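**Q** sharing a model prediction with you, sequence too.
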Amino acid sequence: MSIKLGDMSYQDRIEKGIENDFMREAVSSAQGRFRNGRLTQAEELGDWEDWRQLGSEIRTHTLENLDYYLQQLSEQVSKRGGNVFFAATAEEANAYIKKVIKQKNGKKVVKSKSMVTEEIGLNQQLEQMGAEVVESDLGEWILQLDEDPPSHIVTPALHKNKEQIRETFAEKRGYDQSDSPEELAAFAREQLRKDFLSADVGITGCNFAIAESGAITLVTNEGNARMVTALPDTQITVMGMERIVPTWEDMEVLVSLLTRAAVGQKLTSYVTSYTGARLEGEIDGPDDYHLVIVDNGRSKILGTEFQSALHCIRCAACINVCPVYRHVGGHAYNSIYPGPIGAVLTPLLDGYDDHKELPYASSLCAACTEACPVKIPLHEQLIRHRQIIVEQEKKSPVTEKIMMKGFAQWASTPAAYKLSTKLARTALKPWTKDETIKNGPGPLKGWTDVRDFPAPAKQSFRAWWKERKKGVNQ
Amino acid sequence: MVIHNHDAFLSNVAAHLGRPRRTSGVKRPTWSVRPQDRVFAGYSKEELIAVLKKQCQAIHTDVVEVKQHELTQALTDTIKRYEGKTVIAANDKRNALYGLDQFYEQLNEEIDVHIWDAQLGKENQIIAERTDIGISFSDITLAESATVTLFNDKHHGRSISLLPKSFIAIIPKSTIVPRMTQAAQQLHMSVEKGKDVPSCVSFVSGPSNSADIEMNLIVGVHGPIQATYIVVGD
């Protein structure tokens, strides 16, 4: 997998999402719980706007000095017995990771959940070289067995119900018990324990790298990342280059924001900070450690008006409040990064060619901007994307171009404008019911298929204004 | 150890930021706000223990408070409650201070007790995986989130709090602080003073859990299924 999930068109994915009743209900319910959790925790903590301000300042300063902090990080990791590889592209990152595994004659790789490894398509690369790759996060493991992409950053298997999960376990692993979540999870525990204990190589992502000491911090509830980092003798951390903070104090602030904004927890069950290779006499942890720092298009965002998109701490708070995501689900975005942050980031990382529809998958209600714990102006960046798509990329749909041209001519011809506004109500009468146009004609159909369109008013504004001036409406 | 490709990579980053590469002289600014210092500021240890106890309910963790001379009894009771037949504990200097060396010796007459032994190498992990209960001292305890902070080292393997079915954390009262802020400050100060921080710092808040199946909370997906904190007056 890469950033793009597949070749199905956005329109088809959206329709598929809208038709999936279970997914829509699950997403809606999850959004409600996550949103309420976040709001409750923010209120209980107090000073939430100060916390957001602090988070934003830390991210801004770090990004503005990213080269300095990445150098400090790499030196600290190296000092603690780790190797560091700076990868400009996905190909470079994958080649290095494959080389390490080959050198170790690694057969089995156990992983904890990582978006950046999804982004660079690491699993497929490792499987092609003959390694067995096991995703250890319960949600990711379910999706891996079912060969299905994630649909949410924090809860990747949100779109699946327990009956489907039972079926997958039965088909792929011979599971023969009930569909109760407890039994399903107990089965996964038993299966994955064997993998943790027999893996040659552990691979994780990175929530926050701490530049001052070279520590990598992982935030999980299940403890799978602790397993992955404690047991195999070879360990590889893959981090997007922006996932870094200057000090332990800054890590603490961002973790506090992350866990609250993501799932409404004060802290997750496990926050684990590990540094380089294990020290002399230690038994847990790797004796061979590698940190792979990935650019893969991120540097192109630096120094642009979109730089603050790199502040993202992957909490999914924006996803959890988005009305569009609620209706279409994660897969409709056709990107491993769904929701508002996905709509901003995906075209930046992967270009507009395959993702020009994404900035339009937003109601611009600004709920995402309000929810973001590090104050990324998401809806403003979506508007800016739209401007670029239309003005610079010239990628707006042909029908839209024709319509806009027509609108410009019509609106700049007073007689045509006056006549058509007068006739509009009558012309649209066959499609009007209860002051709303259903299944509208021509270009209106695209709109009325998915949104309400009010019927033209009985009286035009100009007519109303004329009468008002005469004193009729006063 | 080797650092690959850093010059080209970091120069590219600096170029996109529109300036020459920065290799020194960067100072963290004084942030305009510090809300973290205000959380539970001025709380006494007793008030912080109350905060911790309340949070333990939210994270499915039992908590008891005992005086130092009652610790071994509290441990015995918890081990019995968990029906533990095997125990693994860190080779912690505090074992002697709290009378646990003797306690573990006596306990070993009834059930298997393994004290982490660096000389045994990977055998420790194998023992931890088949052991019922892991026992660790907390180095810094965060009241707000009911978190024990474990500085793992060669005498205190990460597996102790991870692989057994149940986890018991002994929390000396003196280790309790308001929140993660104070733990992070301590670690930051260590770095500033040029001291090495542990190779692994584990912040553990109760048992392992997941909500990946239809958002149902399931305890014990990978790590311990149950956890107890014993707060000890010191």
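**A** Received the coordinates, thanks. As the structure is a computational prediction, the values presented were derived from the model and not from experiment.
**Q** element containing residue A:196, please.
**A** Using DSSP states H and E, residue A:196 falls within helix A:181-198.
**Q** one more: residue A:285?
**A** Counting by DSSP H and E, residue A:285 is part of no helix or strand.
**Q** residue A:74 versus that one, what's the distance?
**A** 19 Å (Cβ to Cβ, to the nearest Å). For glycine as for every other residue, the C-beta is placed from the backbone atoms N, C-alpha and C.
**Q** ok now the helix or strand hosting residue B:103, how far from the chain's centre?
**A** Element membership for residue B:103 (DSSP H and E) is helix B:100-107. Here helix B:100-107 is found 23 Å from its chain centre; the criterion is Cα atoms, centre = their mean, to the nearest Å.
**Q** who in the stretch 101-250 of chain A is up against chain B?
**A** In this structure, the stretch 101-250 of chain A approaches chain B at residues A:136-139, A:142, A:155-158, A:161-162, A:165, A:181-182, A:184-185, A:188-189, A:192-193, A:196-197, A:212-213, A:215, A:221-224, A:226-227, A:229-231, A:241, A:246-250, judged by Cβ under 8 Å from any Cβ of the partner chain.
**Q** quick one: the strands in chain B, in order.
**A** Secondary structure of chain B, counting by DSSP state E: strands at B:3-4, B:61-66, B:86-89, B:112-115, B:133-137, B:140-142, B:147-152, B:166-172, B:176-177, B:200-204, B:209-210, B:218-219, B:226-232.
**Q** who touches the last one?
**A** Spelled out, it's strand B:226-232. B:49, B:52, B:56, B:60-68, B:71, B:74-75, B:78, B:82, B:98, B:138, B:146, B:148, B:165-173, B:176, B:206-207, B:219-220 (Cβ atoms under 8 Å, 6 or more residues apart in numbering or on different chains).
**Q** distance of the residue nearest to residue A:149 when sequence neighbours are not counted from chain B?
**A** Leaving aside its sequence neighbours, residue A:149 sits nearest to residue A:5 (Cβ to Cβ, 6 or more residues apart in numbering or on different chains; 5.0 Å). Using Cβ to the nearest Cβ, to the nearest Å, one obtains 20 Å as the distance from residue A:5 to chain B.
**Q** and residue A:5, how far from residue A:252?
**A** Noted for residue A:5: a distance of 35 Å to residue A:252, by Cβ to Cβ.
**Q** compare the two (neighbour count), which wins?
**A** Higher neighbour count among residue A:5 and residue A:252: residue A:252, with 28 against 21, using other Cβ atoms under 10 Å in any protein chain shown.
**Q** just confirm the more buried one is within a strand.
**A** No: the assignment for residue A:252, made by DSSP: H, G, I helix; E, B strand; the rest coil, is helix rather than a strand.
**Q** hmm, residue B:178 and it touching each other?
**A** No: Residue A:252 lies out of contact with residue B:178 (Cβ atoms under 8 Å); the separation is 12.0 Å.
**Q** before we move on, the earlier item: what residues does the helix holding residue B:103 touch?
**A** Under the criterion Cβ under 8 Å, 6+ apart, residues B:71-72, B:75-76, B:79, B:87, B:89, B:94-95, B:113, B:115 lie in contact with helix B:100-107.
**Q** and what of stretch B:189-201?
**A** The contact list for stretch B:189-201, computed with Cβ under 8 Å, 6+ apart, reads A:80, A:212-213, A:215, A:229-230, A:247-248, A:272-279, A:282, A:284-285, B:149-153, B:158, B:187.
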